[in-house]
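Chemist: Coordinates only, no sequence provided:
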C-alpha cells in the first residue's frame, strides 16, 4: 500500500526579517498560494509574537500548512502536509521563498502513513518458510 | 549554533476507528495533554470530514501540534513542533497513543532551523587556508 500523506518540511534561511515578521503579509501570501495550488481552505490562525516572530497555521481540506518564523535569525520553518499529490506543493514553497526573499531553501519530503505494522506482519509467513 | 525547533512526526497505527473519528474527543485529549506538558494554547481548529476523518491543529506559544486521521485505516498522523525542549513532547505523544488505542507508534524527531547557509559560509575561510 502506498502512503496516505505527503509532508514537506521546508527550511527558509536568509529571509528578509521584516517580511517574516508580518503576519498579515504572510497570511495573504500563504493562503493565496494554497488556493492557487489547488487547496481548499478550512480555517487559519496567525499570531504575532512579542518582541518578534510569527506563527501561522492553515487547516486545509487536504491537511495543513504552517509557518513559524524567527526574524532575528532570518529563518522560517514551513510545513506542508497533504493527503493528495494533486496539491502543487512546489508552487506553495516557491511562493513563500519569493515572498520571504529566502537566500537558501531546503526541502525534505516525508511520506506519512505507510502502515509499518502491516509491512511487518507480511514478513511473518516468509520467515515461517525458511528452514 | 544549535537548532531552533524540535519537530516530532508521529505515526499511530492500529488505532480504534471510533476514537480517531471523534473531533471533540481528540480536541479534549490533545489540548489537555499539551497543557499538562507545559504548552500555552493560542487557538485551535478541529474539523470533521465526511464520510470520516478528523483534522485538528493547535497553535501554541511554542509552535504547533496537529493530528490528521484516517479512521478507515486506523491511522493518525501527529505532529508536534516546539521551539523549546521544555515542552514534554513524549507525554503528549503518549497521551494520544493511549487515547487512540494505537497498536504501534513510530516517532521521528527532526531538528529544524539549523541555518545551513551559516555552516556553509563558515567553511570558506578554512578552504582558503588550504594550499
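Modeler: Received the coordinates, thanks. Since we're looking at a predicted model, the values are computed, not measured. Numbers count the residues shown, from 1 in each chain, chains lettered A, B, ... in the order given.
Chemist: Flag every residue of chain A that's near chain B.
Modeler: Residues of chain A lying close to chain B (CB under 8 Å from any CB of the partner chain) are A:4-5, A:7, A:9, A:11, A:13-14, A:42-45, A:47, A:49, A:55, A:57, A:59, A:61, A:63-64, A:66, A:68, A:70, A:73, A:75, A:77, A:79, A:81, A:83, A:103-104, A:106, A:108, A:110, A:112-118. Every residue, glycine included, has its C-beta placed from N, CA and C.
Chemist: And the helices in chain A, which stretches?
Modeler: For chain A, the helices defined by DSSP state H cover A:23-36, A:89-100, A:116-129.
Chemist: got the angle for the shortest one vs helix A:23-36?
Modeler: Between the direction of helix A:89-100 and that of helix A:23-36, the angle (axes from the mean of the first three to the mean of the last three CA atoms, to 10 degrees) works out to 160 degrees.
Chemist: how far is stretch A:32-41 from where the chain is centred?
Modeler: Averaging C-alpha coordinates over stretch A:32-41 and over its chain gives two centres that are 13 Å apart (CA atoms, centre = their mean, to the nearest Å).
Chemist: And for stretch A:76-83?
Modeler: So, by CA atoms, centre = their mean, the centroid of stretch A:76-83 is 1 Å from its chain's centroid.
Chemist: Could you give me the buried positions within it?
Modeler: Along stretch A:76-83, these residues count as buried under the neighbour rule (16 or more other CB atoms under 10 Å in any protein chain shown): A:76-83.
Chemist: In chain A, where is pLDDT below threshold?
Modeler: Counting by pLDDT under 70, chain A contains low-confidence ranges at A:1, A:115-131.
Chemist: one step back: mind giving me the PyMOL command for buried ones among the residues of chain A next to chain B?
Modeler: To isolate the buried members of those in PyMOL, using 16+ other CB under 10 Å:
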select buried, chain A and resi 4+5+7+9+11+13+14+42+44+45+47+49+55+57+59+63+64+66+68+70+73+75+77+79+81+83+104+112+113+114+115
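Chemist: distance between the ends of stretch A:77-88?
Modeler: Distance across stretch A:77-88, first residue to last, is 18 Å (CA to CA, to the nearest Å).
Chemist: Show me the contact partners of that stretch.
Modeler: With contact meaning CB atoms under 8 Å, 6 or more residues apart in numbering or on different chains, stretch A:77-88 is reached by A:4-12, A:36-39, A:60, A:62-69, A:89, A:92-93, A:96, A:112, B:4-5, B:7, B:66, B:68, B:77, B:79, B:81, B:112-113.
Chemist: from the residues you listed, which ones fall inside strands?
Modeler: Secondary structure defined by DSSP state E assigns A:5-12, A:60, A:63-69, A:112, B:5, B:7, B:66, B:68, B:77, B:79, B:81, B:112 of the contacts of stretch A:77-88 to strands.
Chemist: Near residue A:32, how many other residues are there?
Modeler: 13 (other CB atoms under 10 Å in any protein chain shown).
Chemist: quick one: the closest residue to it other than its chain neighbours from chain B, how far?
Modeler: The shortest distance from residue A:32 to any non-neighbouring residue, by CB to CB, 6 or more residues apart in numbering or on different chains, is to residue A:95 (7.5 Å). As judged by CB to the nearest CB, to the nearest Å, residue A:95 and chain B stand 20 Å apart.
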